[in-house]
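S.K.: Generate a structure from the sequence data that follows.
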Amino acid sequence: MKRRLVTSALPYVNNVPHLGNLIQVLSADAFARFCRLRGIETLYICGTDEYGTATENRAAEEGLSPRELCDRYHAIHADIYRWFNIAFDKFGRTSTPIQTEVTQDIFTKLDKAGFVSEKTIEQFHCAKCERFLADRYIRGNCPHCGSMDARGDQCEACGKLLDPTDLKEPQCSACGNTPALKETKHLYIDLPQIKDKLEAWIKVASEKGFWANNAIQMTKSWIRDGLKERAITRDLKWGIPVPRPGYENKVFYVWFDAPIGYISITGCLGEEIEKAGKISDWRDFLNYWWKSPNETELFQFIGKDNIPFHTVIFPSSLLGSAGASTVNAGIADDWTMLHHMSSTEYLNYESGKFSKSRGIGVFGTDAKETGIPADVWRFYMFYNRPEKSDALFTWKDFQEKVNSELIGNLGNLVNRTVSFVNRYYNGKLPEGGQSLTDPAFWAEVTRREEAIAEKLDRAELRDAFRDIFELSSFANKYFQDSEPWRLRNDDPEKAEAVIRDLSYIVRDLSVLIEPYMPQAAAKTASFFGLKLGEGLCWKDIGTPEGIPADARITSEVLFAKLESEQIDALRERYSGSQQERAEKATFASVIDLRVAKIEKVERHPKADKLYIIGLEAGEGVTGNRDERTIVSGLVSFYTEEELLGKKIIVAYNLKPAKLRGIESRGMLLAAGDNEDGAERCEVLDAGDAPTGTRLLPEGEEASPEPAEIDIDTFFSYPILAKDFAVQSCGKNLCLNGKPVRTSIIPEGEIH
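M.R.: Residues are numbered from 1 along each chain as shown. A predicted model of the protein is given here:
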């Protein structure tokens with residue numbers, strides 16, 4: 001059997017993923033776990049997509065470099081996926097030297113093969129922002145469906161890809177100004193020239209790889225509508241340099257380099273293996289997976305809005321570069337191409353769509369904060385996976401499915417079986433009754449398990465998952481119909497046979513659910529003294545043997561019921577947008593600003609513009625020292641001597657974040673503006689207020705110490721200098737009832 005290379009769509013780095021985004025990562029994880037349990041050599045690759053205008057803009061808004069922003073959000077993404085128990089072989093990022101090398105290599109091969117052209121075009125330029133606008137940062141009316149909020153690259157309402165000039169009434173999404181067209185040169189990939197190769201490949205691959213129906217239909221639509229040359233460069237700084245004279249101030253368009261991230265992240269894993277001394281060159285590892293079409297099958301998991309990039313544009317880049325002479329002799333030419341495309345429909349939220357940009361839905365950080373275990377979320381995401389049509393997340397359905405299927409069906413079977421063994425057989429698998437095992441029963445079990453494996457092999461994850469619960473229901477009925485509690489007295493040997501059969505079904509279910517709910521699976525297997533992946537794999541199921549005779553069978557409730565009061569509270573908590581949620585909460589219940597004294601200042605060894613600052617933030621109020629370290633970009637504005645000994649305001653309850661290798665526990669607050677084109681910065685002065693004193697909105701009482709928050713939550717409460725007064729939501733912020741004021745900057749953002 002061929003080895004399997006598994007990828008999920010690279011999440012964009014400048015925001016927190018919501019449940020709709022998580023479907024692709026979870027789906028690829030379940031498939032990869034299944035393949036490993038089957039003994040198939042498997043590699044699961046993902047990572048953050050980090051280049052482009054969105055990152056550049058967000059970094060500017062937060063006063064960070066793009067690299068610093070990417071470092072922060074990469075860590076946030078990694079933390080969320082770790083909590084959801086995603087078993088990546090490598091979760092990497094696209095802003096690496098290997099990404100640059102591989103992308104430039106593919107481009108150069110495309111160029112040598114004659115598939116790159118140059119054009120002078122008119123591109124929207126915002127005079128107010130003084131920059132060319134990336135397609136996604138232009139908004140207007142869609143010419144196809146009339147949506148009044150279409151992006152310049154794609155209309156989210158109808159899914160059509162757009163050119164910004166197609167939009168009616170275009171506006172700069174940053175400032176609302178009407179942009180004007182201005183001449184600039186760019187490079188294009190000539191898709192029409194590659195069309196014949198592409199169509200021949202699609203015809204074979206889509207049938208052989210049993211692509212999802214929506215992938216086939218959308219790809220056919222793209223081909224039918226006619227392929228056009230597509231720009232692959234942009235007027236930006238944050239991106240991969242274009243290796244061509246005259247393009248020194250341009251970078252590759254993120255849509256061109258992002259899918260190449262699958263390849264480069266594999267190379268980065270190879271680099272780690274090389275550094276460990278296990279291989280001589282990371283390129284060998286990359287070639288093993290990405291240049292071995294006869295030995296490797298590529299399975300990709302994406303949302304339907306990403307289909308054309310994975311079935312048309314990315315394959316065209318690979319097909320077009322494959323025939324050219326190699327630029328880097330270390331990288332081979334024959335690409336591993338897409339085998340199976342698993343493209344889901346949309347997961348909607350209550351009465352609308354999940355949306356990162358609008359802050360609608362339940363986000364990964366939210367799921368962590370609910371107190372509901374990751375496996376319960378995974379259960380519902382797979383049970384409700386939008387496999388062939390859009391699906392809807394509602395809190396009521398979430399509660400009902402968890403309580404009825406996860407607990408009432410699967411949890412009930414596991415609990416009643418192992419509890420029976422504990423209660424009546426002293427925690428030992430019954431030895432008698434083996435001759436009375438029902439062959440018809442096991443024939444049906446085997447048939448069902450084989451059908452589940454076949455569906456999983458085709459990445460029909462939801463249908464396979466529901467079949468697992470059908471098997472559990474079948475076993476529950478067998479338990480109920482057999483009445484082992486009665487048989488113990490009437491026919492003890494038969495009772496032992498029934499309980500043995502049920503114990504082995506529970507053992508089998510631990511294997512079957514492992515791709516979906518790994519923690520519950522591991523716990524269930526442990527009830528029988530077994531460990532998944534080590535002595536218990538897919539090949540072991542389907543027969544009533546394999547549980548050690550001396551195993552001490554234990555029991556524990558797997559899942560807790562979701563109560564209506566809990567669900568009602570969560571529904572209310574996560575209603576509306578993230579901004580609207582923030583408005584419901586008081587400032588002091590969410591944001592914890594405190595006085596701190598700077599006791600140590602030193603330059604960051606790895607960043608010219610950063611200080612590492614040692615603070616004391618509590619002794620003045622509590623009598624106990626509260627020492628912490630923050631990293632702040634003040635080098636251009638303050639000397640070490642000017643900062644040392646100063647009492648400042650710190651965002652106290654920010655989650656720790658690593659900045660250039662140093663953990664920063666909080667953020668120093670400073671006002672900023674531009675005067676005559678020169679950037680100014682003023683650190684907020686806390687005067688003689690004791691360290692640990694909280695900064696509160698005028699008239700607002702101090703709440704209990706707020707929980708840790710992420711940077712997005714912090715910025716959802718904008719703090720401004722207005723006529724020298726420090727304010728949030730129109731209220732002065734005060735120390736011990738006295739408004740805090742700036743002395744240099746009268747108007748500006750504070751962060």
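
S.K.: now T554, what's its secondary structure?
M.R.: With DSSP: H, G, I helix; E, B strand; the rest coil as the basis, T554 sits in coil.

S.K.: could you measure it against R488, distance?
M.R.: Distance of T554 to R488, given as Cβ to Cβ, to the nearest Å: 21 Å. In this view, the C-beta of every residue, glycine as well, is placed from N, C-alpha and C.

S.K.: Which one's more surrounded, these two?
M.R.: A side-by-side neighbour count of T554 and R488, using other Cβ atoms under 10 Å, places R488 first with 17 against 14.

S.K.: Does the more buried one belong to a helix, a strand or coil?
M.R.: Under the three-state scheme (three-state DSSP), R488 adopts helix.

S.K.: shouldn't it be in contact with V498?
M.R.: No - the criterion here is Cβ atoms under 8 Å, and R488 misses it with V498 at 9.8 Å.

S.K.: Need the overlap of contacts for these two.
M.R.: Counting by Cβ atoms under 8 Å, 6 or more residues apart in numbering, no residue touches both R488 and V498.

S.K.: buried sites along stretch 60-80?
M.R.: Residues 62-78, 80 are the ones in stretch 60-80 that count as buried (16 or more other Cβ atoms under 10 Å).

S.K.: Which of these fall within helices?
M.R.: Secondary structure assignment by DSSP state H places 62, 66-78, 80 of the buried residues of stretch 60-80 in helices.

S.K.: Which residues does the host helix or strand of E599 contact?
M.R.: Element membership of E599 [criterion: DSSP states H and E] is strand 593-603. With Cβ under 8 Å, 6+ apart as the test, strand 593-603 has contacts from 610-618, 620, 627-628, 635, 640, 643-652, 666, 669, 686, 689-695, 733, 735.

S.K.: T446 and V414: what is the separation?
M.R.: Using Cβ to Cβ, T446 is found at 20 Å from V414.

S.K.: more neighbours, these two?
M.R.: Just comparing T446 and V414: by other Cβ under 10 Å the higher neighbour count belongs to V414, 27 against 14.

S.K.: Helix, strand, or coil at the more buried one?
M.R.: For V414, the assignment made with three-state DSSP gives helix.

S.K.: Excluding chain neighbours, give the residue nearest to it in space.
M.R.: Nearest non-adjacent residue to V414, counting by Cβ to Cβ, 6 or more residues apart in numbering: V506, 5.4 Å away.

S.K.: and the one you found, what does it touch?
M.R.: By Cβ under 8 Å, 6+ apart, the contact list for V506 reads L413, V414, T417, V418, A475, T524, F527, F528.

S.K.: and with 10 Å instead?
M.R.: By Cβ atoms under 10 Å, 6 or more residues apart in numbering, V506 lies in contact with 410, 413-418, 421, 472, 475, 524-525, 527-528, 547, 553.

S.K.: right, and R741 touches A725 too?
M.R.: Yes - between R741 and A725 there is a contact at 5.8 Å, judged by Cβ atoms under 10 Å.

S.K.: joint contacts of the two?
M.R.: By Cβ under 10 Å, 6+ apart, R741 and A725 have these common neighbours: N732, L733.

S.K.: Could I get the buried residue list for stretch 468-481?
M.R.: Across stretch 468-481, burial judged by 16+ other Cβ under 10 Å covers I468, F469, L471, S472, S473, F474, A475, N476, Y478, F479.

S.K.: In a helix, the second one, correct?
M.R.: Yes - secondary structure of F469, determined by three-state DSSP: located in a helix.

S.K.: from what I can see it touches N412, true?
M.R.: No - using Cβ under 10 Å, F469 is not in contact with N412, being 11.5 Å away.

S.K.: any common contacting residues for those two?
M.R.: Shared contacts of F469 and N412, defined by Cβ under 10 Å, 6+ apart, comprise L406.

S.K.: G427: neighbour count?
M.R.: 15.

S.K.: so how far is K731 from it?
M.R.: According to Cβ to Cβ, G427 stands 63 Å off from K731.

S.K.: do you know how far E619 is from C734?
M.R.: 21 Å.

S.K.: And for D105?
M.R.: Relative to C734, D105 is positioned 58 Å away (Cβ to Cβ).

S.K.: Would you mind telling me which of the two has more residues around it?
M.R.: When D105 and C734 are compared for neighbours, D105 comes out ahead with 20 against 17, by other Cβ under 10 Å.

S.K.: I'd guess that one is in a strand, am I close?
M.R.: No - under three-state DSSP, D105 sits outside any strand and is assigned helix.

S.K.: thought it was touching D257?
M.R.: No - D105 lies out of contact with D257 (Cβ under 10 Å); the separation is 11.6 Å.

S.K.: Going along the chain, name the strands of the stretch 551-700 of the chain.
M.R.: Along the stretch 551-700 of the chain, the stretches classed as strands by DSSP state E, counting those that start in this stretch are 593-603, 611-616, 627-632, 647-651, 657-659, 662-664, 667-668, 670-675, 678-683, 694-697.

S.K.: List the contacts of the residue of the chain positioned farthest from its centre.
M.R.: Most distant from the centre of the chain: D490, at 55.7 Å, with distances by Cα atoms, centre = their mean. D490 sits next to E483 when contact means Cβ under 10 Å, 6+ apart.

S.K.: same check, this time on P386
M.R.: For P386, the contact set (Cβ under 10 Å, 6+ apart) comprises G20, I23, G303, K304, T344, E345, Y346, L347, N348, L392, F393, R462.

S.K.: let's see it at 6 Å
M.R.: P386 makes contact with T344, E345, L347 under the criterion Cβ atoms under 6 Å, 6 or more residues apart in numbering.

S.K.: Please name the bridge partners of the first one.
M.R.: Using DSSP bridges, the beta-bridge partners of T344 come out as G303.

S.K.: Report how many residues lie close to it.
M.R.: Neighbours of T344 (other Cβ under 10 Å): 24.

S.K.: How about the second one?
M.R.: Burial of E345, expressed as a neighbour count using other Cβ under 10 Å, amounts to 17.

S.K.: now the last one
M.R.: L347 sits with 23 neighbouring residues when counted by other Cβ under 10 Å.

S.K.: Just to check, it is in contact with A391?
M.R.: Yes - counting by Cβ atoms under 6 Å, A391 is a contact partner of L347 at 5.3 Å.

S.K.: overlap in contacts of those two?
M.R.: Residues touching both L347 and A391 (Cβ under 6 Å, 6+ apart): none.

S.K.: Among the buried residues of stretch 468-481, which lie within helices?
M.R.: Counting by DSSP H, the buried residues of stretch 468-481 place I468, F469, L471, S472, S473, F474, A475, N476, Y478, F479 in helices.

S.K.: Would you map the helices across the stretch 451-600 of the chain?
M.R.: Along the stretch 451-600 of the chain, counting by DSSP state H, counting those that start in this stretch, helices occupy 461-482, 484-490, 492-513, 518-526, 564-573, 578-584, 587-590.

S.K.: Tell me which of these lies nearest to E431.
M.R.: Nearest to E431 among these is helix 492-513 (7.4 Å), distances taken as Cβ to Cβ.
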